[in-house]
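> I'd like to go over a predicted model; first the sequence, then the structure.
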Amino acid sequence: MSSIRQAFAQSPNGKAFIPFVTVGDPTIAVTEQLVKAMAGAGADLIELGVPFSDPTAEGPVIQDANIRALCNHVTTDDVFNMVARLRAGGCTVPMVIMTYANVVFSYGIERFAQREREVGLAGVILPDVPHEEKAEFSEVFAAQGLDVVSLIAPTSYERIRTIAADATGFVYIVSSLGVTGVRSEITSDIPGMVKLIHEANPHIPCAVGFGISTPEQAAHMAVVSDGAIVGSAIVRMIGELGEGCVEPVAAYVRKMAEAVHRV
Amino acid sequence: MANSPTSRGRFGIHGGQYIPETLMNAVIELEEAYDRYKDDPAFNAELTELFNGYAGRPSLLYFAANMTVDLGGAKVYLKREDLNHTGAHKINNVLGQALLAKRMGKTRLIAETGAGQHGVATATAAALMGMECVVYMGVEDMERQALNVYRMRLLGAEVRGVSAGTGTLKDAVSETFREWTNRIDDTHYCLGSVMGPHPFPTIVRDFQAVISREARAQCLAAEGKLPDAVLACVGGGSNAIGSFYHFIGDEGVRLIGCEAAGRGIDTWETAATMNTGKLGIFHGMKSYFCQDEYGQIAPVYSISAGLDYPGVGPEHAMLHDSGRAEYVPVTDDEAVDAFEYLSRTEGVIPAIESAHAVAHAIKLAPTMRPDQVIIVTLSGRGDKDVAAIARYRGEDLHE
């Protein structure tokens, strides 16, 4: 079983809370503390954002985090080295990379996948790689026992079955149109999307991201799917609090993870 | 690394559709609509009527006699896209896409712009066809091209400044993609160059191919033979691919793309993608990009806002790989010299973008025989650049 599947399987109720942070925002050292604190607070799987100069799927909050991290000269190798240190220190929480195609491509897809396996990462989420372009990445990652996570959007319609059929790890359901960012209301038919996904791929976990910030929203997503992904709400706290963000973020993650694990 | 077998829209190893899932059905719908209308007689008749009756096509193939005598080599012809309505080749693509968008039932056009020429062209087509229009423009470029910003507003478009990243063309493209993921149903992204995800590189090329379709026939009529070389400036590459397309099968015709070298290809202040970039994936396509060793897109530089882009269209990348086209760097200094040279010598003020192609013609023509022929595409007129060039020359002139 891939470590992403284990993340869902090992959760108290099979539902996962998945926080996202941009590595190197505000510093690599703080990200390292954040990962440990979020794991301790009940995060089931952690998305680590490798910063990219032009993150076209992100709203302003995560765009700014990417800029802050790149101003700190954070590189792909720094991210791998940080994960290696965390693993050496006994941190076992499953972690998956979220970044853009060019970050992986320029590093070398095979080299990237090998480094992921060496340091104990679970795979990659690439928001600018749709199903049609996925095999270029997923065949190489699969050879290392890693997942390339498939995304499904509110506009996917008849594409859902095709995408779901060969999805591995989990299916990332994009809750709304547009880019990442906090939303007060999510109007897409998530249960309908989950039903179509499970018709094509009965046991694949589905988690919902884009727009989630409150425990109520997270709990609702855990009811209608298998988990909730939260990025912008956490990244905004990090942006506002800087090096003092670790405790408040951990408290927030605890509240969110409890909401997800209670349903 | 092989591309995915399911990938569509490839030019050799380049191209593809590297975009968020949210946009996939939109580009599939666009491809289906384009396949339906591209050979439709009624669609093409309407487009031809717009080209000829509104945009002023066909554009002249003008024999630059003074320049030819002065350079003392090959005969130089200028393909005068600067004489089109709105003053640049951009209108060719925009009229085609706006017509297609209308057929698709879209009521709103969004576009990115660098120099402002594509934004002005899109705002123009939207005004003509009664469509809503929003143009994204880097704040740096809004400063450099203030007159075009006002021109777009005059035409009824909303201009939204983009301060993200370097505040230039690449950031405007990113922001327009973001807006498209936000609002798809009634909105067509009228992409301005032969770049982005399939089918844009093909659609834009087909609409711009009118340049070489005309130029080839005009050259045969004037000279009784094909040209020896065709020169055009390359940012994303739409006027260049339009200038090259109908000559690609003519082995004897050299195709030369002129890239913006900025302060030089041995400096960081350059936008010469073919000469300094490497293979990557960005803005929906696999192609060559200016980037660092970790794939971070470089903050490129050129005096020309229209060439100030870190990538190049996938079909150009293929023509570069095969050697069918050559891509040469032209510096700011050379382009400004050519801007002034053409103004003085022929009484034609070229866009600073087009001046990059003129600059290479000035180098190339003297090395060729008098019975040889060069066509230089003047992609746009230079009125928009006059104030910036004056400042480049140290004059305190503001619009």
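Nice, I can see it.
> burial of A:Ser184, as a residue count?
The number of residues packed near A:Ser184 is 8, by other Cβ atoms under 10 Å in any protein chain shown. For every residue, glycine as well, the C-beta is placed using N, CA and C.
> Against A:Gln217, how distant is it?
For A:Ser184, the distance to A:Gln217 equals 9 Å [Cβ to Cβ, to the nearest Å].
> B:Asp385 now?
According to Cβ to Cβ, B:Asp385 and A:Gln217 sit 51 Å apart.
> Low-confidence ranges, chain A, go.
Of all residues in chain A, none has pLDDT under 70.
> center of it - which residue?
Central residue of chain A (Cα atoms, centre = their mean): A:Glu47, 3.5 Å from the mean position.
> how about that residue, what does it touch?
By Cβ atoms under 8 Å, 6 or more residues apart in numbering or on different chains, A:Glu47 lies in contact with A:Ile18, A:Pro19, A:Phe20, A:Val21, A:Met95, A:Val96, A:Ile97, A:Met98, A:Ile125, A:Ile229, A:Gly231.
> Give the helix, strand or coil label for the residue nearest to it when sequence neighbours are not counted.
Leaving aside its sequence neighbours, A:Glu47 sits nearest to A:Phe20 (Cβ to Cβ, 6 or more residues apart in numbering or on different chains; 4.0 Å). Following DSSP: H, G, I helix; E, B strand; the rest coil, we place A:Phe20 in the strand state.
> Enumerate every residue touching the residue minimising distance to the centre of chain B.
Centrality entry for chain B: nearest residue to the mean C-alpha point is B:Ser238, 3.6 Å, by Cα atoms, centre = their mean. Neighbouring residues of B:Ser238 by Cβ under 8 Å, 6+ apart: B:His89, B:Lys90, B:Asn93, B:Gly192, B:Ser193, B:Val194, B:Val204, B:Arg205, B:Gln208, B:Gly313.
> cutoff 7 Å now
For B:Ser238, the contacting residues are B:His89, B:Asn93, B:Gly192, B:Ser193, B:Val194, B:Val204, B:Gln208, by Cβ atoms under 7 Å, 6 or more residues apart in numbering or on different chains.
> same thing with A:Gln144?
When contacts are counted by Cβ under 7 Å, 6+ apart, A:Gln144 touches A:Ala113, A:Gln114, A:Glu116, A:Arg117.
> State the distance from it to chain B.
The gap separating A:Gln144 from chain B is 14 Å, by Cβ to the nearest Cβ, to the nearest Å.
> Now the phi/psi pair for B:Arg103, please.
Reported as degrees, to the nearest 10, the phi and psi values for B:Arg103 are phi -60, psi -30.
> What does the pLDDT read for it?
B:Arg103 carries a pLDDT value of 97.
> Find the residue closest to the closest residue to chain A within the stretch 101-250 of chain B in space, skipping its chain neighbours.
Minimum separation of the stretch 101-250 of chain B from chain A (Cβ to the nearest Cβ) falls at B:Asn182, amounting to 3.8 Å. The shortest distance from B:Asn182 to any non-neighbouring residue, by Cβ to Cβ, 6+ apart, is to A:Gly178 (3.8 Å).
> So the one you found is in contact with B:Arg183, correct?
No: the criterion here is Cβ atoms under 7 Å, and A:Gly178 misses it with B:Arg183 at 8.1 Å.
> which of those two has more neighbours?
A:Gly178 (22 against 13).
> List the buried residues of the longest helix seen in chain A.
Longest helix of chain A, by residue count under DSSP state H: helix A:246-262. Neighbour-count burial for helix A:246-262 flags A:Val246, A:Val249, A:Ala250, A:Tyr252, A:Val253, A:Arg254, A:Met256, A:Ala257, A:Glu258, A:Ala259, A:Val260, A:His261 (criterion: 16 or more other Cβ atoms under 10 Å in any protein chain shown).
> Same list, those residues, but as a markdown table with distance to chain B please.
Shown next, in a markdown table, are the buried residues of helix A:246-262 (distance: Cβ to the nearest Cβ, whole Å):
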| residue | distance to chain B |
| --- | --- |
| A:Val246 | 27 |
| A:Val249 | 25 |
| A:Ala250 | 30 |
| A:Tyr252 | 26 |
| A:Val253 | 26 |
| A:Arg254 | 31 |
| A:Met256 | 25 |
| A:Ala257 | 27 |
| A:Glu258 | 31 |
| A:Ala259 | 27 |
| A:Val260 | 24 |
| A:His261 | 28 |
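> those strands in the stretch 101-250 of chain B, which residues are they?
Along the stretch 101-250 of chain B, the stretches classed as strands by DSSP state E, counting those that start in this stretch are B:108-113, B:132-138, B:158-162, B:187-189, B:229-234.
> ok, now the stretch 151-263 of chain A?
Assigned by DSSP E, counting those that start in this stretch, the stretch 151-263 of chain A shows strands spanning A:171-174, A:206-209, A:227-230.
> Need the contact partners of the first one.
Under the criterion Cβ under 7 Å, 6+ apart, residues A:125, A:149-154, A:164, A:190, A:193, A:197, A:204, A:206-210, A:225, A:229, B:21-22 lie in contact with strand A:171-174.
> Now with 8 Å, please.
Residues contacting strand A:171-174 (Cβ under 8 Å, 6+ apart): A:125, A:149-154, A:163-164, A:190, A:193-194, A:197, A:201, A:204-210, A:225, A:229, B:20-22.
> Please produce a ChimeraX select command covering the buried subset of these.
Burial among the contacts of strand A:171-174 is assessed by 16+ other Cβ under 10 Å; the matching ChimeraX selection reads:
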select /A:125,149,150,151,152,153,154,163,164,190,193,194,197,201,204,205,206,207,208,209,210,225,229 /B:20,21,22
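> so who does the closest residue to B:Phe289 other than its chain neighbours touch?
Of all residues not flanking B:Phe289 in the chain, B:Gly280 sits nearest, at 4.1 Å (Cβ to Cβ, 6+ apart). Under the criterion of Cβ under 8 Å, 6+ apart, the neighbours of B:Gly280 are A:Asn102, A:Phe105, A:Ser106, B:Lys286, B:Ser287, B:Tyr288, B:Phe289, B:Gln291, B:Gly295, B:Gly311.
> Report the secondary structure state of B:Gly280.
Here B:Gly280 is recorded as strand under three-state DSSP.
> Quick check: A:Asn72 vs A:Val246, distance?
Per Cβ to Cβ, A:Asn72 is found 17 Å from A:Val246.
> First-to-last residue distance for stretch A:203-211?
One end of stretch A:203-211 sits 25 Å from the other (Cα to Cα, to the nearest Å).
> need the contact list for B:Ser163.
Here B:Ser163 is in contact with B:Gly138, B:Val139, B:Asp171 (Cβ under 8 Å, 6+ apart).
> between the residues you listed, which is nearest B:Glu353?
Among the contacts of B:Ser163, B:Gly138 lies closest to B:Glu353 (Cβ to Cβ), at 15.8 Å.
> most surrounded residue in the contacts of A:Glu47?
Within the contacts of A:Glu47, most neighbours by other Cβ under 10 Å means A:Ile18, with 30 neighbours.
> Report all helices and strands that the strand of greatest length in chain B contacts.
Scanning chain B for the longest strand, with DSSP state E as the assignment, gives strand B:254-262. Contacts defined by 3 or more Cβ pairs under 8 Å, 6 or more residues apart in numbering or on different chains; DSSP states H and E place strand B:254-262 against strand B:229-234, helix B:238-244, helix B:273-276, strand B:325-331, helix B:332-346, helix B:352-364.
> Now tabulate the ones you listed in JSON lines and tack on distance to A:Ile67 and mean pLDDT.
Below are the helices and strands packed on strand B:254-262 laid out as JSON lines (distance: least, Cβ to Cβ, whole Å; pLDDT from 0 to 100):
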{"stretch": "strand B:229-234", "distance to A:Ile67": "29", "mean pLDDT": "98"}
{"stretch": "helix B:238-244", "distance to A:Ile67": "30", "mean pLDDT": "98"}
{"stretch": "helix B:273-276", "distance to A:Ile67": "23", "mean pLDDT": "96"}
{"stretch": "strand B:325-331", "distance to A:Ile67": "29", "mean pLDDT": "98"}
{"stretch": "helix B:332-346", "distance to A:Ile67": "27", "mean pLDDT": "98"}
{"stretch": "helix B:352-364", "distance to A:Ile67": "29", "mean pLDDT": "98"}
